[in-house]
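Novice: Need a 3D model of the following:
(one chain, ligands or ions: 2)
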Amino acid sequence: MTCLLALDQGTTSSRAMVFDTDGRVRGASQREFRQHYPQPGWVEHDAHEILTTQLDCARAAIAEAGVAPSDVVGLGIANQRETTIVWERATGRAIAPAIVWQDRRTAPDCDRLRAVGQAEAIRRSTGLELDAYFSATKLAWILREVPGARERARRGELAFGTVDAWLIWHLSGGALHATDAGNASRTMLYDIHRGQWDDDLLALFDIPRSMLPTVVDSIGVCGHAQRDVLGASIPIAGIGGDQQAATFGQACLAPGMAKQTYGTGCFLLMNTGERAVESANRLLTTIGWRQRGASTYALEGSIFVGGALVQWLRDELGLVRRSEDIEALAASVPDSAGVVLVPAFTGLGAPWWDAYARGTLLGLTRGTTRAHIARAALEAIALQTVDLVTAMDADGAGPLRELRVDGGAAANNLLMQMQADLLGVPVVRPEMLETTAFGAACLAALGVGVWADEATVASHWREAARFQPRMSRDRREAVIARWHRGVERARDWAQE
Ligand SMILES: Nc1ncnc2c1ncn2[C@@H]1O[C@H](COP(=O)(O)OP(=O)(O)O)[C@@H](O)[C@H]1O
Ligand SMILES: O=P(O)(O)OC[C@H](O)CO
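Specialist: Ligands and ions are numbered 1, 2, ... in the order given. Here you go, the predicted model:
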C-alpha cells in the first residue's frame, strides 16, 4: 500500500501519522517529552529528546499502519516554530538546550534594539514584530552565552536550525542542512520579500552566515531519510511550520481563507496569496509555503495563551478536573455576569505585543461563581481571536467569510458558538481534526506527486460542524468594549 508519513513535532509532544493516498489515517503514535523551566520566563527542550521521541513515534506509526517502510513514498514534517537549536556539524550534538518559542529571556535584548530604532527595519524585511518569540535573539543569546560558541561558529563548526532543520539533519544522516521558506520566515533573519537571508540582520545579530541552513521549497523532494533511520530510504517531500501546515491541511488555499488553531496558544493564519500584506495593525506577515520558488504569504495573529488558560484553571485553581469539563461549567450560567479574564500570563502577543502585560481578573462581586470565571475564560479565548480578525479586516485582508477551526479546544462546542457570536461569521470544524499532521502529509503528497495539485487537498477537506452567529450586534459590541477595558488594565502591569 502506498503511504505518506507525517511528523508533527509539537511543543509538548512528538506525533507521527501514516496516511494512505485517500487521506485516511492508517497509523498514529505520540510521545510526550519534558519541558524545562530553569529560570522564570525560560523554556527549554532537550533537542535529543525531541529527536528520539520523534523517531520512536515515526517507527511506531509505520508499525501500527502495518506497512513496510518501503511503502512510505513521501515524508512530511510539521514542527513547533521558532524554537532554536545549535549543533556541531562533526557530531550532530546540540551544544545547548533548545530555546523554545515561549522563552522570554531575550526580551531585554529586544528592548535595547527597539530603543536604538531597529524595529522598523526588522519589520520591513522579515514581516515580524521585534519580539523574543522569534529565533534571532535566541540564536544570538547562544552565541554570546555558551563558552566558545561564537569562535566555533566563525570557524564553520556549528549549525543553526529550527526544529525542522534539526530533524532533517538527523533523518538524512547529516547530509542535508535545510529549512523551508515558511520556517525561515519565523527566524527574524530572513527577508521574506527577496526570499533570502538578510545580511544586514545577520550583521546586527552577529551571526555567521555559514551556520544557516539552505532554504528550500515547502513542497518538493529536498533529500532522503536514510535507510538506517526509518528502515527505508524515504523522500523528504514536505516541510512546514506546524501552523503553516495546519493552514494547508485546512485547505485554506485561496486568499481570504483563514484557520484558527486552539491549542496551548492560538494561531490564526489567513492566506493572502502572492501578496505579502504589510500589517498596519501589528499582525505578522509570514510565508505560508513555497512551491517551485513561488511563495504563498499569510497574515498571522499569534496568541500566547489559549487552551493553556483552561489548563491553568484546571491545574492551579482546581476549577475543573479535566479540560473538557469547562464546557459544562461555563454553560451552567447564561453569561459571565461582568467578569473579564485577560490571560496575559506571558505578556500579550498580537495585536498588542506587550511583554509586560500580566493576567488580570476583573469585575468580581460577592455573587461571582466558578462558573462565571469559567465562562469568562472561554470568552477570553474567543475575544483574543476577535481582536486578530478585526486587525486583519483593518489591514484589508478580509473580510473573513468563515473561520475554519482545529486544535484541542476546538472540540468545545460552547467556545465555538461564542466564537461565531463574537465574530459575527460562521465557525466551521472539519472532520479531520489532526490538521497539522494532515497538512504535512498533503505537502509531501504534492511534493512527490502522488497528488496532482491543491484541488486534491481541498477535495479531502470535509465539514463536520458549523456554528452560526446568533448574537445581536449591540450585544457583541458591548462584550467587546468591556473586554478592551480589561485589556487596558492588564497592559504594562509588570513594568517598573
Ligand atoms: N474541551 C476543551 N475545552 C477547552 N479547552 C480544551 C478542551 N480540550 C482541550 N483543551 C485545551 O486544549 C489544549 C490542548 O490542545 P492541543 O491542540 O493538543 O495543544 P498543543 O498541540 O498546543 O499541545 C490544552 O491547553 C487544553 O487545556
Ligand atoms: O507546538 P504548537 O502546536 O503549540 O505550536 C507552536 C507554534 O508553532 C509556535 O509558533
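Novice: CA atoms for contacts and neighbours, from now on please.
Specialist: Noted.
Novice: Test my guess that residue 442 contacts residue 457.
Specialist: Yes: with contact defined as C-alpha atoms under 8 Å, residue 442 counts as touching residue 457 (6.5 Å).
Novice: Common neighbours of the two, please.
Specialist: Common neighbours of residue 442 and residue 457, counting by C-alpha atoms under 8 Å, 6 or more residues apart in numbering, are residue 249.
Novice: more neighbours, the two?
Specialist: Per other C-alpha atoms under 10 Å, whichever of residue 442 and residue 457 has more neighbours is residue 442, with 35 against 24.
Novice: now residue 182, what's its secondary structure?
Specialist: In three-state terms, and counting by DSSP: H, G, I helix; E, B strand; the rest coil, residue 182 is helix.
Novice: dump the residue contacts of it.
Specialist: For residue 182, the contact set (C-alpha under 8 Å, 6+ apart) comprises 218, 240-241, 244, 286-290.
Novice: do the same with residue 192
Specialist: Taking C-alpha under 8 Å, 6+ apart as the definition, contacts of residue 192 comprise 125-127, 185, 286-287.
Novice: Keep only those of these that are in strands.
Specialist: Applying DSSP state E to the contacts of residue 192, the entries found in strands are 286-287.
Novice: Most neighbours among the contacts of residue 192, which one?
Specialist: Ranked by the number of neighbours (other C-alpha under 10 Å), the contacts of residue 192 place residue 287 first, at 32 neighbours.
Novice: Provide the partner residues of that residue in its beta bridges.
Specialist: Here residue 287 sits in beta bridges with residue 297, going by DSSP bridges.
Novice: For it, give me its contacts.
Specialist: Residues 181-182, 185, 192, 295-298 are the ones in contact with residue 287 under the rule C-alpha under 8 Å, 6+ apart.
Novice: touching ligand 1 at all, stretch 4-19?
Specialist: Yes: judged by C-alpha under 6 Å from any ligand atom, stretch 4-19 comes into contact with ligand 1 through residue 12.
Novice: Distance from that stretch to the middle of the chain?
Specialist: Relative to its parent chain, stretch 4-19 has a centroid offset of 14 Å by C-alpha atoms, centre = their mean, to the nearest Å.
Novice: gap between residue 104 and residue 44?
Specialist: In this structure, residue 104 lies at 11 Å from residue 44, with C-alpha to C-alpha, to the nearest Å as the measure.
Novice: re the thing from before, columns distance to ligand 1 and pLDDT on top of the contacts of residue 192, output as JSON lines?
Specialist: As requested, the contacts of residue 192 are arranged in JSON lines below (distance: C-alpha to the nearest ligand atom, whole Å; pLDDT from 0 to 100):
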{"residue": "125", "distance to ligand 1": "29", "pLDDT": "97"}
{"residue": "126", "distance to ligand 1": "25", "pLDDT": "98"}
{"residue": "127", "distance to ligand 1": "24", "pLDDT": "97"}
{"residue": "185", "distance to ligand 1": "21", "pLDDT": "98"}
{"residue": "286", "distance to ligand 1": "20", "pLDDT": "97"}
{"residue": "287", "distance to ligand 1": "21", "pLDDT": "98"}
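Novice: For residue 278, state which of the contacts of residue 192 is nearest.
Specialist: residue 127 (7.2 Å; C-alpha to C-alpha).
Novice: which residues in the stretch 1-150 of the chain form strands?
Specialist: 3-9, 13-20, 25-32, 44-45, 72-79, 85-88, 98-99 (DSSP state E, counting those that start in this stretch).
Novice: okay if I get those as TSV plus mean neighbour count?
Specialist: Formatted as TSV, the strands of the stretch 1-150 of the chain follow (neighbours: other C-alpha atoms under 10 Å):
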stretch	mean neighbour count
strand 3-9	30
strand 13-20	25
strand 25-32	19
strand 44-45	22
strand 72-79	28
strand 85-88	23
strand 98-99	26
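Novice: Would you mind giving these as a markdown table with distance to residue 468 added?
Specialist: Supplementary listing: these in a markdown table, determined by distance: least, C-alpha to C-alpha, whole Å:
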| stretch | distance to residue 468 |
| --- | --- |
| strand 3-9 | 31 |
| strand 13-20 | 32 |
| strand 25-32 | 29 |
| strand 44-45 | 41 |
| strand 72-79 | 31 |
| strand 85-88 | 43 |
| strand 98-99 | 41 |
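Novice: can you redo these as CSV with mean pLDDT and distance to residue 483?
Specialist: Below are the strands of the stretch 1-150 of the chain laid out as CSV (pLDDT from 0 to 100; distance: least, C-alpha to C-alpha, whole Å):
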stretch, mean pLDDT, distance to residue 483
strand 3-9, 98, 34
strand 13-20, 97, 33
strand 25-32, 96, 35
strand 44-45, 96, 33
strand 72-79, 98, 33
strand 85-88, 98, 38
strand 98-99, 98, 33
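Novice: okay if I get those as a markdown table plus distance to ligand 2?
Specialist: Output for those, formatted as a markdown table (distance: least, C-alpha to the nearest ligand atom, whole Å):
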| stretch | distance to ligand 2 |
| --- | --- |
| strand 3-9 | 7 |
| strand 13-20 | 8 |
| strand 25-32 | 12 |
| strand 44-45 | 12 |
| strand 72-79 | 7 |
| strand 85-88 | 15 |
| strand 98-99 | 12 |
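Novice: Out of those strands, which gets nearest to residue 393?
Specialist: Set against residue 393 and scored by C-alpha to C-alpha, the strands of the stretch 1-150 of the chain come closest in strand 72-79, at 28.2 Å.
Novice: any residue of that closest one up close to ligand 1?
Specialist: No: in this structure, strand 72-79 remains apart from ligand 1 according to C-alpha under 6 Å from any ligand atom; the gap is never smaller than 10.5 Å.
Novice: What strands flank that strand, and is each parallel or antiparallel?
Specialist: Sheet partners assigned to strand 72-79 using DSSP bridges are listed as strand 3-9 (parallel), strand 234-241 (parallel).
Novice: In the stretch 1-150 of the chain, what residue lies closest to ligand 1?
Specialist: Relative to ligand 1, the nearest point of the stretch 1-150 of the chain is residue 12 (5.4 Å; C-alpha to the nearest ligand atom).
Novice: Was I right to think that residue contacts residue 30?
Specialist: No: counting by C-alpha under 8 Å, residue 30 is not a contact partner of residue 12; they are 10.3 Å apart.
Novice: How about residue 246, nearest residue that isn't a chain neighbour?
Specialist: Excluding its sequence neighbours, the residue lying closest to residue 246 (C-alpha to C-alpha, 6 or more residues apart in numbering) is residue 436, at 4.1 Å.
Novice: SS state for the one you found?
Specialist: Of the three states, residue 436 takes helix according to three-state DSSP.
Novice: Could you pull up the contacting residues of residue 391?
Specialist: 281-283, 351.
Novice: At which residues are the helices of the stretch 251-400 of the chain located?
Specialist: If DSSP state H, counting those that start in this stretch is used as the criterion, the helices of the stretch 251-400 of the chain fall at 307-315, 325-331, 370-394.
Novice: Minimum distance to residue 53: which of these has it?
Specialist: helix 307-315 (22.7 Å).
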